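J.: any chance you can model this:
(one chain, ligands or ions: 2)
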Amino acid sequence: MSSSSLGDQRVVSGMRATGAMHLGHYHGVLKNWLRLQHEYDCFFFVADWHGLTTHYADPSGIAGAAWDMLVDWLAVGIDPGRACIFVQSRVSEHAELHLLLSMVTPLGWLERVPTYKDQQEKLRERDLATYGFLGYPVLQSADILMYRPQFVPVGEDQVAHVEITREIARRFNHLYGREVGFEEKAEEAIKRLGSKNARLYRQLKKRFSERGDADALATGQALVEGQQNLMLSDRERLLGYLEGAGRTILPEPQALLTAASKMPGLDGQKMSKSYGNTITLRESDKDIEEKIKRMPTDPARVRRDDPGEPEKCPVWEWHKVYSDDKTKDWVQTGCRSAGIGCLECKQPIVEAVQAEVGPIRARAEEIAGDSQMVRTIVAEGNDTARDAARDTLADVRQVMGLNYL
Ligand code: TRP
Ligand code: SF4
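T.: Ligands and ions are numbered 1, 2, ... in the order given. Prediction:
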């Protein structure tokens, strides 16, 4: 993986194995990942175990879904030279961390996660009164904390999961961050900052502890994080000591909220496979054209010479994503004056979507035809992830007293 201007700042995100990517994923999540891979050390993975929490009774779709996702990620340009692409179940360290975190996670926290009851109600046909389903957020916390990332890019629906991840990290650090001789070791580490920075660190620590000055804390954290040649253990001690706490073994990550995709489905609802309103990234030109031509429009426009209102039409939302100002003006005027027909109005979108999907589909077909290449890329990603995971687990085992043989 390349390191960039933000050095070793990490980003972790995963997606449940749900299958082929569509335009909603592309405009919501994947374009965001494409940008992040240039700025951070990114870990992107297929959460196939999370797929099992709801589909354990019929796991037959998971393998195909995982393959399609990996191919599509590569096809849009997620670059294995920049980001670590891997599969959750291939890095079994995640299971060990899940187990260890489960020891410290109060049941009440899990029962209170909003998705827990919501999903149980939504997916009534499945029996989700399982241990695995309740533990979904613990597994997700393990996925995240394993890589000690600064950021977790997720949509609104996942914010609660990042929040519980932070709580679990805090509780873990509180329980296990009190190493013997912590204060002495922290004082030694301060000396290694050099006299000028050491003085600054002490002032900031004092300002935070005496006045709860949040700016002082932030400045102190930046000071510590900016030290190139500190050992990781010293860095953690200094960060913990700054707050008057113990050592931070699992830093609290922040959610990086992905702006809600402005890309609605063909029917104007959220684009989702379960609503059958998607255009996938491998759709043929012909299917793209047919699907867009069948899109509902402003219901008031029954006949060609009835005027319409773009704000009441899902096609207009698509123009907002795909069209330039000139085309948008043409739509607004033409629709309200009945100067253009709906099929005419859709034509620029058909062309824009075909132009967007065409090259992705071509790359996806090429990649899908070379399964050996995909396997190699993912195997390398799994190895990279596993190395990073083992570092964290070694620390976790140690502080939990499991390093005795
Ligand atoms: N729960 C996430 C979703 O449904 C998938 C996921 C699993 C995830 N582990 C994660 C997302 C870790 C971010 C980080 O989309
Ligand atoms: Fe929708 Fe365009 Fe038809 Fe107006 S002209 S109703 S914006 S498709």
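J.: what residues does the protein put near ligand 1?
T.: Remark: the part of the chain in contact with ligand 1 comprises 12-16, 47, 50, 140, 143-144, 152, 154, 158, 161, using CB under 6 Å from any ligand atom. (C-beta placed from N, C-alpha, C; glycine too.)
J.: how about the residues you listed in TSV, adding neighbour count?
T.: Output for these, formatted as TSV (neighbours: other CB atoms under 10 Å):
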residue	neighbour count
12	26
13	24
14	24
15	21
16	21
47	24
50	23
140	25
143	26
144	28
152	25
154	23
158	20
161	22
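J.: just give me the closest of those residues to residue 37.
T.: Proximity of the residues of the chain next to ligand 1 to residue 37 (CB to CB) peaks at residue 13, which lies at 10.9 Å.
J.: mind listing what the closest residue to that closest one other than its chain neighbours touches?
T.: Spatially, and ignoring its direct neighbours in sequence, residue 13 is nearest to residue 153 (5.0 Å; CB to CB, 6 or more residues apart in numbering). Shown in contact with residue 153 (CB atoms under 8 Å, 6 or more residues apart in numbering): 11, 13, 29, 32-33, 36, 255-258.
J.: just those now: which is nearest ligand 1?
T.: Nearest to ligand 1 out of those is residue 13 (CB to the nearest ligand atom; 4.5 Å).
J.: quickly list what that closest one is bridged to.
T.: Counting by DSSP bridges, residue 13 is bridged to residue 44.
J.: and it, how far is that from residue 24?
T.: Going from residue 13 to residue 24 by CB to CB, to the nearest Å gives 16 Å.
J.: over to residue 220?
T.: For residue 220, the distance to residue 24 - CB to CB - is 41 Å.
J.: any idea which helix or strand comes after the helix or strand bottoming out on mean pLDDT in the chain?
T.: The helix or strand of the chain with the poorest confidence is helix 114-122; it has a mean of 86 (mean pLDDT, DSSP states H and E). Next along the chain after helix 114-122, taking DSSP states H and E as the criterion, comes helix 131-134.
J.: which secondary structure elements does that following helix contact?
T.: helix 48-55, helix 107-112, helix 114-122 (3 or more CB pairs under 8 Å, 6 or more residues apart in numbering; DSSP states H and E).
J.: tell me which residues are up against that helix.
T.: For helix 131-134, the external contacting residues (CB under 8 Å, 6+ apart) are 52-54, 56, 107, 110-111, 116, 119-120.
J.: the stretch 301-405 of the chain: helices as residue ranges?
T.: For the stretch 301-405 of the chain, the helices defined by DSSP state H, counting those that start in this stretch occupy 314-322, 325-336, 342-368, 371-399.
J.: of those helices, which is nearest residue 64?
T.: Residue 64 lies closest, by CB to CB, to one member of those: helix 342-368, at 11.4 Å.
J.: what average pLDDT does the closest one get?
T.: Mean pLDDT, helix 342-368: 98.
J.: got the confidence number for the residue nearest to residue 13?
T.: If you check residue 153, the pLDDT there is 95.
J.: before we move on, what about residue 156?
T.: 86.
J.: for residue 36, see how far away the residue of the stretch 1-150 of the chain found nearest ligand 2 is.
T.: Nearest to ligand 2, among the residues of the stretch 1-150 of the chain, is residue 23, at 17.7 Å (CB to the nearest ligand atom). Applying CB to CB, the value for residue 23 to residue 36 is 19 Å.
J.: so between the two, which is more surrounded?
T.: Between residue 23 and residue 36, residue 23 has the larger neighbour count (other CB atoms under 10 Å), namely 25 against 20.
J.: might one say that the more buried one is in contact with residue 263?
T.: Yes. In this structure, residue 23 is within contact of residue 263 by CB atoms under 8 Å, at 5.4 Å.
J.: can you list contacts of stretch 56-73?
T.: For stretch 56-73, contacts defined as CB under 8 Å, 6+ apart pick out 15, 17-21, 25, 30, 33, 44, 46, 48, 51-52, 55, 85, 87, 126-127, 130, 132, 281-282, 360, 364, 367-368, 374, 377-378.
J.: avg pLDDT for that stretch?
T.: The pLDDT scores in stretch 56-73 average 96.
J.: how is the chain divided into domains?
T.: Domain ranges of the chain: 6-157+168-173+255-262+371-399, 178-243, 282-367, per automatic domain parsing.
J.: show the end-to-end separation of the second one, please.
T.: Okay, so that is domain 178-243. 13 Å (CA to CA, to the nearest Å).
J.: check stretch 238-253 too.
T.: Taking CA to CA as the measure, stretch 238-253 stretches 18 Å from start to finish.
J.: residues touching the residue of the stretch 1-150 of the chain closest to ligand 2, list them.
T.: Each residue near residue 23 by CB under 8 Å, 6+ apart is listed here: 263, 271, 278-281, 353, 356-357.
J.: let's see it at 10 Å
T.: Taking CB atoms under 10 Å, 6 or more residues apart in numbering as the criterion, residue 23 is in contact with 30, 261, 263-266, 271, 278-281, 283, 288, 318, 321, 353, 356-357.
J.: farthest residue from the center of this structure?
T.: Relative to the centre of the chain, and counting by CA atoms, centre = their mean, the farthest-placed residue is residue 305 at 46.4 Å.
J.: please report phi then psi for that residue.
T.: Backbone torsions of residue 305, given as degrees, to the nearest 10, read phi -90, psi 10.
J.: distance of the residue lying closest to it once chain neighbours are set aside from residue 327?
T.: Using CB to CB, 6+ apart and skipping the chain neighbours, the partner closest in space to residue 305 is residue 338 (5.0 Å). Separation of residue 338 from residue 327 (CB to CB): 18 Å.
J.: what's around residue 340, how many residues?
T.: Applying other CB under 10 Å, we find 17 residues neighbouring residue 340.
J.: one more: residue 363?
T.: So residue 363, with other CB under 10 Å, has 18 neighbours.
J.: before we move on, the earlier item: could the contacts of helix 131-134 go into JSON lines alongside neighbour count and distance to residue 241?
T.: Output for those, formatted as JSON lines (neighbours: other CB atoms under 10 Å; distance: CB to CB, whole Å):
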{"residue": "52", "neighbour count": "18", "distance to residue 241": "41"}
{"residue": "53", "neighbour count": "20", "distance to residue 241": "39"}
{"residue": "54", "neighbour count": "17", "distance to residue 241": "43"}
{"residue": "56", "neighbour count": "15", "distance to residue 241": "44"}
{"residue": "107", "neighbour count": "8", "distance to residue 241": "32"}
{"residue": "110", "neighbour count": "17", "distance to residue 241": "32"}
{"residue": "111", "neighbour count": "10", "distance to residue 241": "35"}
{"residue": "116", "neighbour count": "17", "distance to residue 241": "36"}
{"residue": "119", "neighbour count": "17", "distance to residue 241": "41"}
{"residue": "120", "neighbour count": "16", "distance to residue 241": "43"}
